[in-house]
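> Sharing a model prediction with you, sequence too.
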Amino acid sequence: MENSLSSPALLEKNSTSGWINGFIGVVIFSGSLPATRLAVLEMSPVFLTVARATIAGLLALCVLLLLKAKRPERAHMVPLMIVSVGVIIGFPLLSALALQYITAAHAIVFLGMLPLTTAIFGVMRGGERPHPVFWLCAIAGSLLVIGFAVAQGLSASPVGDILMLLAVILCGLGYAEGAMLSKTLGGWQVISWALVLSLPVMIPVMCWQFPASVSGIGAPAWLGLAYVSIFSMLIGFIFWYRGLAQGGIAAVGQLQLLQPFFGLALAAVFLHEQVSIGMVGVTVGVILCVAGSKKFSR
């Protein structure tokens with residue numbers, strides 16, 4: 001009887017912890033695009049992608065060795081490779097390429113579609129079955145974002161918009177796959193091993209793409225690289241994957257609707273980019289969808 005009574009309380013505790021961890025992860029991720037924008041102004045997108053993965057991978061390797069983490073099993077290899085392709089290579093590279101054509105403020109709006117893609121992959125790969133009203137809220141938030149992008153005029157930079165769309169799809173897949181694997185392997189272990197597995201490719205490409213001269217690269221670009229390497233590529237994922245595993249991929253994934261809000265604020269403060277009333281209105285709209293998504297996520 002005691003176990004049956006404590007089970008709902010335990011589930012509620014895990015759900016709450018999941019939302020807290022997920023929120024911390026989203027706050028950390030919110031600085032990714034502004035930091036990337038700073039870096040690609042003076043670094044090539046390819047070098048930025050492999051450099052951030054190499055730095056984070058070497059740090060992750062040190063942590064794994066220091067804590068004597070258990071090596072992943074053979075069954076974990078394919079999911080870890082999917083995580084690498086989605087969040088270590090795919091999203092960083094495609095978003096960095098996109099930021100050569102569009103501003104960080106415009107790219108951030110596309111992140112409003114991440115909750116929907118993450119939820120879809122959560123259903124496809126994780127077998128989750130949210131309430132139908134949940135999908136209405138998730139789709140409504142995504143439509144607000146897409147509608148705003150269309151209203152801005154996709155013809156202005158179709159290449160940048162397409163690259164961001166592909167980045168969001170790959171990122172959603174990597175989020176869902178990593179969250180499922182976190183339930184058995186652990187959140188920090190998933191991103192750490194995924195980073196380490198990518199090192200044999202990332203290190204040689206980084207050496208090949210290393211700038212001929214670094215004298216022309218200013219401090220803001222190096223700070224941008226440092227942020228996306230340490231926080232966006234490693235620390236943020238520790239909280240994010242733990243949150244998704246505890247609270248559910250589809251449910252906690254809706255916290256990503258808050259990411260444009262934080263990201264737009266950072267872009268305005270640090271990059272002095274103009275944030276229009278329309279951007280703010282869309283952001284407020286998708287934030288309101290979080291409440292509905294959370295209520296009907298189970």
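Good, I have the coordinates. Quantities reported herein were computed from a predicted structural model and do not represent experimental measurements.
> Please make it C-alpha for all contacts and neighbour counts, starting now.
Noted.
> Packing partners of the helix or strand hosting Leu48?
Taking DSSP states H and E as the criterion, Leu48 maps to helix 45-66. Under the contact criterion of 3 or more C-alpha pairs under 8 Å, 6 or more residues apart in numbering; DSSP states H and E, helix 45-66 touches helix 91-98, helix 187-209, helix 219-227.
> what's the most buried one of the ones you listed?
helix 91-98 (a mean of 25; mean count of other C-alpha atoms under 10 Å).
> Give me the neighbour count for the closest residue in space to Tyr227 that isn't next to it in sequence.
Spatial nearest neighbour of Tyr227, chain neighbours left out: Ala35 (6.7 Å); criterion: C-alpha to C-alpha, 6 or more residues apart in numbering. When neighbours are counted by other C-alpha atoms under 10 Å, Ala35 registers 25.
> wait, isn't Ala35 in contact with Phe231?
No. Ala35 lies out of contact with Phe231 (C-alpha atoms under 8 Å); the separation is 10.6 Å.
> so where's the stretch 101-250 of the chain shaky on pLDDT?
Residues of the stretch 101-250 of the chain meeting the criterion pLDDT under 70: 105, 126, 128, 145-146, 148-150, 152-156.
> what are the ranges of the helices in it?
Listed in chain order, the helices of the stretch 101-250 of the chain (DSSP state H, counting those that start in this stretch) span 104-110, 114-126, 132-152, 158-185, 187-209, 219-227, 236-247, 249-253.
> tell me the angle of the second one relative to helix 132-152?
Right, helix 114-126. Helix 114-126 runs at 140 degrees relative to helix 132-152, counting by axes from the mean of the first three to the mean of the last three C-alpha atoms, to 10 degrees.
> Distance from the chain centre to helix 114-126, please.
Computed by C-alpha atoms, centre = their mean, to the nearest Å, the separation of helix 114-126 from the middle of its chain amounts to 13 Å.
> can I get the CA coordinates of it in CSV?
Coordinates of the C-alpha atoms in helix 114-126 are reproduced here as CSV (Å, rounded to 0.1, in the frame of the first residue of the first chain):
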residue,chain,number,x,y,z
LEU,A,114,11.9,22.8,-32.1
PRO,A,115,9.3,21.7,-29.5
LEU,A,116,7.1,20.3,-32.2
THR,A,117,9.9,18.4,-34.0
THR,A,118,11.1,17.1,-30.7
ALA,A,119,7.6,15.9,-29.7
ILE,A,120,7.2,14.2,-33.1
PHE,A,121,10.4,12.3,-32.7
GLY,A,122,9.5,11.5,-29.1
VAL,A,123,6.4,9.8,-30.4
MET,A,124,8.2,8.1,-33.3
ARG,A,125,11.3,7.0,-31.3
GLY,A,126,10.1,7.0,-27.7
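> Summarise which helices and strands that helix is packed against.
In terms of contact count using 3+ C-alpha pairs under 8 Å, 6+ apart, helix 114-126 is assigned the packing partners helix 132-152, helix 158-185, helix 249-253.
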